[in-house]
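Student: Sequence first, then the predicted structure:
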Amino acid sequence: MARLLLIEDDAETAGEVLADLRERGHVVGWAETAPDGAARMRAATWDALILDRMLPGGDGLGLLQALRREGDRTPALVLSALGTVDERIRGLRAGGDDYLTKPFVLAELAARIEALLRRPADTRETILRVGSLELDLIAGTGRRGTRDLALLPRELKLLEYLMRRPGQVVTRALLFEEVWNYRFTPKSNLIDVHLGRLRRKLEAEGEPPLIHSTRGVGFTLMPDD
């Protein structure tokens with residue numbers, strides 16, 4: 001059982017979501033406007049947030065950004081009729097952990113919420129630091145010391161995965177599954193190519209290596225301080 005808050009102004013959609021999630025054993029609160037949703041978020045502790053993009057009294061993404069600036073890291077699923085890639089990216093960069101396009105199937109919404117609830121708390125952090133390395137997941141930027149890193153989206157995701165496991169050996173199979181979403185290990189040098197590019201960016205000014213290889217085992221990100 002989890003405590004969930006739904007911020008949705010469409011009464012029919014809200015009614016269906018509330019009934020389904022409550023039937024699954026969750027405690028679900030409901031707010032119809034952005035101001036009411038913000039007040040309820042600040043007045044209680046919730047395990048996850050479900051919010052619509054278009055709300056009376058404010059934009060859902062604006063509300064989410066305000067909560068993130070205040071330090072609220074409640075996992076958030078954004079609902080929207082805007083389903084283009086650019087709109088999904090906007091939703092995630094505003095602080096959303098997942099994005100579901102309307103119309104949707106209730107079972108999928110429930111499954112996505114369950115996936116958010118299974119995530120360890122540290123996966124909800126949006127700024128990661130390992131030694132002199134810093135990654136801002138919302139802005140999509142990285143720095144090593146005072147130097148900015150020009151990271152491509154896949155490099156950003158690869159570096160995020162390694163930074164969440166400093167000092168741990170990460171296998172190729174895990175990287176293919178978690179970073180590329182492959183459910184098999186292809187015979188490919190894809191990982192080596194991306195890691196090579198990433199290493200060159202991390203060590204562009206002669207800094208000590210951060211990513212180390214263990215032959216036949218995998219890769220490890222080690223702090224440099």
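Tutor: The structure has been received and is ready for your questions.

Student: if you average pLDDT over stretch 164-184, what comes out?
Tutor: In this model, stretch 164-184 carries a mean pLDDT of 82.

Student: Touching it from outside, list them.
Tutor: Contact with stretch 164-184 is made by 122-123, 128, 130, 154, 157-158, 161-162, 185-186, 190-191, 214, 217-223, as judged by CB atoms under 8 Å, 6 or more residues apart in numbering. Bear in mind the C-beta positions are built from the backbone N, C-alpha and C, glycine included.

Student: list the contacts for the residue most central in space within the chain?
Tutor: Closest to where the C-alpha atoms of the chain average out (CA atoms, centre = their mean) is Asp97, at 4.1 Å. Going by CB under 8 Å, 6+ apart, Asp97 touches Pro75, Ala76, Leu77, Leu116, Arg119, Arg124.

Student: neighbour-wise, which of these leads?
Tutor: Ala76 (29 neighbours; other CB atoms under 10 Å).

Student: my guess is Lys201 contacts Glu155, does it?
Tutor: Yes. Between Lys201 and Glu155 there is a contact at 7.3 Å, judged by CB atoms under 8 Å.

Student: In terms of neighbours, single out the busier of those two.
Tutor: Shown here are Lys201 and Glu155; by other CB under 10 Å, Glu155 has more neighbours (19 against 16).

Student: Identify the residue spatially nearest to the more buried one, adjacent ones excluded.
Tutor: Leu198 (5.1 Å; CB to CB, 6 or more residues apart in numbering).

Student: So for Pro209, what's the pLDDT?
Tutor: 93.

Student: Excluding chain neighbours, give the residue nearest to it in space.
Tutor: Using CB to CB, 6+ apart, the nearest residue to Pro209 is Glu203, at 6.2 Å.
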